[in-house]
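Asks: Got a sequence here, can you build the structure:
(2 chains)
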Amino acid sequence: MAKLSIQNLSKNFGKVEILRNIDLEIEDNEFVVFVGPSGCGKSTLLRLIAGLEDSSSGDILINDEIVTDLPPSKRGIAMVFQSYALYPHMTAYENMAFGLKIAKNSKQDIEEKVKKAAAILQLEQLLERKPKELSGGQRQRVAIGRAIVRNPQVFLFDEPLSNLDASLRIQMRMEIAKLKETLQTTMIYVTHDQTEAMTLADKIVVLRQGVIEQIGSPLHLYHHPRNLFVAGFIGSPSMNFIKSKITDLQNDHVEVEFVKMGKVKIPLKCPENGWDVKVKDSVTLGVRPEHFILTETGPFKGKIVLIERLGSETYLYVDIKTQGPILIRTEGNQVFKVGQTLHFDIHKPECHIFDENELSFERLPLKQKIKKA
Amino acid sequence: MFGVLLLCIITFAAFPFVWAIVTSLKTGSDLFTPEIVFSKLTLKNYKAIFTEQPFGENILNSLSVAVATVLVSLLIAFSAAFALGRIDFRGKKTLLIMVLAVSMFPQIAILSGMFELIRSIGFYDQLYGLVFAYLALVLPYTTWILTNFMRQVPKEIEEAAIVDGASSFQIMTHIFMPLLLPALVTTGLLSFVTAWNEFLFALTLTLSSNMRTVPVAIALMSGASEFELPWGNIMAASVIVTLPLVCLMLIFQRKIISGLTSGAVKG
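Replies: Numbers count the residues shown, from 1 in each chain, chains lettered A, B, ... in the order given. Okay, here's the model as predicted:
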């Protein structure tokens, strides 16, 4: 029910610049995930939207209304904290009702809203318990319930799952995805976990050192990362980067040679006013672990130095003699040995080339793969 | 071995109190005859302290002074602790260190100054004059203790309340007050004991016998002649004034618990 607009927002702590000139538009009902390594400013950005921090410059608009100087409670937001931040002396019910009580809602109204939220979150049986009698997942649900009852225009989640153990995290991730369907509200979600970002987001905002690196849908970021950083951050396990040199430039492809290994032609879209790189320029070739093809004879080969078996798939660390080992993903039921020489090829349309400024070259649009029956 | 040690410590700690109780139940020359099996125990001393002097009034004085000191000091210290523990402002550290430094002054050093101050504002020989003086004694450490407890409350809880729309005052009363209840009880109890047992200020700042607090009243008890100290009466009075403290400790013992914020945040 709300769109959010951030205009030229900056935040300094003393002399340290945390966020620099952030511009961001968030549409109604959108689920936006801020993602980035720790210290990139994603939590600060969320806290600025919440009103828990004051911005140094710039504006935040919710539904075209400037809220930059409004206190958190007047912005129509609700926040779920990483540490849950439940009031320990109150029961789950009282925790959820607190905000409504402060806003002087009638008792009946409070009860109705809390019961409704509790039903959505399956908390009905736990309403009389205090936080210390609840498990981590239940506490987080109460915290989400506390946010729901306020009926906010914008939901803010600050790494809500990072305190939960792995299996619970996946379960809660699903519940949040369901919640997104049920509530139909704009949601902003901060995480450092790119799996959460990929699975939940309509739109991902990748931040690094206080600057937005790229904004886009999860798959757009996966297929068309703007630069080396986004390419390395999105996707798990992360992309292999191989130092290479350009050996040939054509209208529809670039041929690069990775040092001492061989040449590979990568189909790329030539910019309208020609390539702004020349033959012999150094570039970085980016290949995701899943985009290698094992072959009988080559054209490339390397020695396996480490094998990680996950059952469903196997990760091979392969030494290609130029730099650290590259990571290749294969099926789970093939047998490999450490020390074995592996022949492989690269699925060229899925490769990325980054220039010396770490910016990526535009790729040709991928052909939709149609599975043959 | 452990048992023997324990017995030694218990004997050492409890002996004065046992001796006081026993003495308070004897009169006359019995006081000075040591015996293992107690005979001729009497409650005469207990009756005497209430009839020979306004001891009931003294107890009431002590009680009202102590309670007032506790309430006023908690109110001031809690508000101060909120500011010192939760709000960033310039000079906060200096202020906190000063508060701690002040609490290290020996009482005797501020006695004459306090006397002048109390007399000039007309609080001399008044109970609220004592309350005023005791605040100077208890506020530094109540503020310090509460500030430390206040700091332990995770910031997110406060922020959650802010997002929920609570004002600073509501955060204090609805969130911090219940969360710090154990700390409030503990510091309140400490203040109570301080005010209840305080002697020096009480002696200096009161004059008439019906304004005296219990410690002063006990100290100034006199016998039939100036060569006789009424040990029996003094001990009876001592036992009576110790009882409320013991009761308070027993009642609030359960409130003084750790883990006050358990379940609030992760873990």
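
Asks: Give me the neighbour count for the closest residue to chain B within chain A.
Replies: Taking Cβ to the nearest Cβ, chain B has its nearest neighbour within chain A at A:K132, 2.8 Å off. Glycine gets a C-beta too; all of them are placed from N, C-alpha and C. The number of residues packed near A:K132 is 15, by other Cβ atoms under 10 Å in any protein chain shown.

Asks: What about it? Give its phi and psi, please.
Replies: When read as degrees, to the nearest 10, the backbone of A:K132 gives phi -70, psi -10.

Asks: Now do it against A:H89, distance only.
Replies: Counting by Cβ to Cβ, to the nearest Å, the gap from A:K132 to A:H89 is 10 Å.

Asks: Flag every residue of the stretch 51-200 of chain B that's near chain A.
Replies: B:154, B:156-157, B:159-166, B:170, B:174-175, B:178-179, B:181 (Cβ under 8 Å from any Cβ of the partner chain).

Asks: Try it again at 7 Å.
Replies: Within the stretch 51-200 of chain B, the residues that sit near chain A (Cβ under 7 Å from any Cβ of the partner chain) are B:154, B:156-157, B:159-160, B:162-166, B:170, B:175, B:178-179.

Asks: Could you check the pLDDT of the residue lying farthest from the centre of chain B?
Replies: Taking Cα atoms, centre = their mean, the residue of chain B most remote from its mean C-alpha position is B:V163, at 39.0 Å. pLDDT for B:V163: 91.

Asks: picking up where we left off before, turn the residues of the stretch 51-200 of chain B next to chain A into JSON lines, including secondary structure.
Replies: JSON lines is the format used below for those (DSSP: H, G, I helix; E, B strand; the rest coil):
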{"residue": "B:P154", "secondary structure": "coil"}
{"residue": "B:E156", "secondary structure": "helix"}
{"residue": "B:I157", "secondary structure": "helix"}
{"residue": "B:E159", "secondary structure": "helix"}
{"residue": "B:A160", "secondary structure": "helix"}
{"residue": "B:I162", "secondary structure": "helix"}
{"residue": "B:V163", "secondary structure": "helix"}
{"residue": "B:D164", "secondary structure": "coil"}
{"residue": "B:G165", "secondary structure": "coil"}
{"residue": "B:A166", "secondary structure": "coil"}
{"residue": "B:Q170", "secondary structure": "helix"}
{"residue": "B:I175", "secondary structure": "helix"}
{"residue": "B:P178", "secondary structure": "helix"}
{"residue": "B:L179", "secondary structure": "helix"}
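
Asks: Model confidence at the residue of chain A closest to chain B, what's the number?
Replies: Taking A:K132 on its own, its pLDDT is 87.

Asks: do A:M261 as well
Replies: The per-residue pLDDT reported for A:M261 equals 69.

Asks: So, low pLDDT: which residues of chain A?
Replies: A:1, A:259-261, A:274, A:364-373 (pLDDT under 70).

Asks: need the longest helix for it.
Replies: If you go by DSSP state H, chain A has its longest helix at helix A:166-183.

Asks: What residues does chain A have near chain B?
Replies: Residues of chain A lying near chain B by Cβ under 7 Å from any Cβ: A:50, A:52, A:72-73, A:78-79, A:81, A:83-89, A:98-99, A:102-103, A:130-132, A:163.

Asks: Give me the subset of the residues you listed lying in strands.
Replies: A:A78, A:M79 (DSSP state E).
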